[in-house]
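Participant: Predicted model follows, preceded by the sequence.
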Amino acid sequence: MYPSGAIFIALFNTINNTLNTLAFTIAAANPTYLSPYSIYIGTALYTVGILTETISEIQRKKFKDRPENKGKPYAGGLFSLARNINYGGYTLWRSGMALAAGGPVWGSLAFALYTWDFSTRAIPVLEEYCRNKYGEQYKRIEKEVPYRLFPGIY
């Protein structure tokens, strides 16, 4: 990753976290604003998402650390459910955080933003990179794992 990309991501996350904090502060100051269901569902989405992202990355790292897998793409574990399951997990935990902090509108906006960003920007770029790097191996994975972000959906 180029330094400009890292700076962009750092700024984006700082702004996002600040907006979630402000949304939660507003909700805390007005207890009738936020439904307990938003907090429960948001917490569940956060938990599922953070575990999905973390476990999938650990699985991929274990695969990549084995010398016999050098130069091979990974499509095992959670990545057998969706080729970019880690991005799906990230989308869920970020949306869950927004839902718990600011309610259904804020959570829905976060979900839409992350889904749109990954679907139109990050995934196409990453998959083009993988096709070029891994060739037929990655094309086989695309056929075996038809979903890009969320298993059974997209």
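Facilitator: Yes, it's here.
Participant: Distance from the lowest-mean-pLDDT helix or strand in the chain to the middle of the chain?
Facilitator: When the helices and strands of the chain are scored by mean pLDDT, DSSP states H and E, helix 3-29 comes last with a mean of 84. Remark: helix 3-29 is offset 16 Å from the chain centroid, using Cα atoms, centre = their mean, to the nearest Å.
Participant: and the helix or strand that contains residue 61, what does it pack onto?
Facilitator: Take DSSP states H and E as the rule and residue 61 turns out to sit in helix 36-65. Secondary-structure packing of helix 36-65 (3 or more Cβ pairs under 8 Å, 6 or more residues apart in numbering; DSSP states H and E): helix 85-102, helix 104-117. For every residue, glycine as well, the C-beta is placed using N, CA and C.
Participant: go with 7 Å
Facilitator: helix 85-102 (3 or more Cβ pairs under 7 Å, 6 or more residues apart in numbering; DSSP states H and E).
Participant: got the angle between the helix it packs on and helix 104-117?
Facilitator: Interaxial angle, helix 85-102 versus helix 104-117 (axes from the mean of the first three to the mean of the last three Cα atoms, to 10 degrees): 160 degrees.
Participant: Tell me the buried residues in helix 85-102?
Facilitator: Buried residues in helix 85-102, counted by 16 or more other Cβ atoms under 10 Å: 85-102.
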